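Q: sequence below, structure please.
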Amino acid sequence: MKFGGNMKNLMKQATKMKEQMSKLQEEVGEKEVEATSGGGMVTVTAKAKGEITSIKIEPDVVNENDQEMLQDLIVAAVNEALKQGQKLMNDEVSKLAGGLGLPPDLL
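A: Numbers count the residues shown, from 1 in each chain. The predicted structure is shown next:
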């Protein structure tokens, strides 16, 4: 009987942990990160969940004779913003895991 009670308690804890993880991912996913390229000529803002919310391009970098450079700057800034968002998500998940007494790589 004692084993069954412990199993029930363990299942309750697992359900609670899953709910906490979902809530954390939702909250952190809405946080915004910002990245730049070209010394600030292109700025990208993204939500940590991987959604680009804005791209700002300084007028000085817009040159019809060098569209390839502008495209490269945009790609670099977008990739950096997405990378920062993923890092933010991973850091917050690791904090939650540590707070629950779990190894950070378990979740």
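Q: which phi and psi values does V61 adopt?
A: Main-chain torsions, V61, degrees, to the nearest 10: phi -90, psi -10.
Q: grab the nearest non-local neighbour of it.
A: Computed as C-beta to C-beta, 6 or more residues apart in numbering, the closest residue to V61 that is not its neighbour in sequence is M41, at 4.1 Å. C-beta: built from backbone N, CA, C; applies to glycine.
Q: look at that neighbour and report its pLDDT.
A: Per-residue confidence (pLDDT) for M41: 94.
Q: that one against I55, yeah?
A: No. Using C-beta atoms under 8 Å, M41 is not in contact with I55; the gap is 11.5 Å.
Q: more neighbours: which of the two?
A: Using other C-beta atoms under 10 Å as the criterion, M41 and I55 rank with M41 on top: 19 against 14.
Q: and that one, how far is that from K23?
A: Per C-beta to C-beta, to the nearest Å, M41 is found 38 Å from K23.
Q: follow-up on the earlier one: how much space between the residue nearest to V61 and L70?
A: 9 Å.
Q: identify the contacts common to those two.
A: Both M41 and L70 are contacted by I57, V61, under the criterion C-beta atoms under 8 Å, 6 or more residues apart in numbering.
Q: which ones are touching K83?
A: Contact analysis of K83 by C-beta under 8 Å, 6+ apart lists A35.
Q: number of residues surrounding T45?
A: For T45, the neighbour count with other C-beta under 10 Å is 16.
Q: what separates V42 from P59, distance-wise?
A: Using C-beta to C-beta, one gets 12 Å for the distance from V42 to P59.
Q: where does T43 land in three-state SS?
A: Assigned by DSSP: H, G, I helix; E, B strand; the rest coil, the conformation of T43 is strand.
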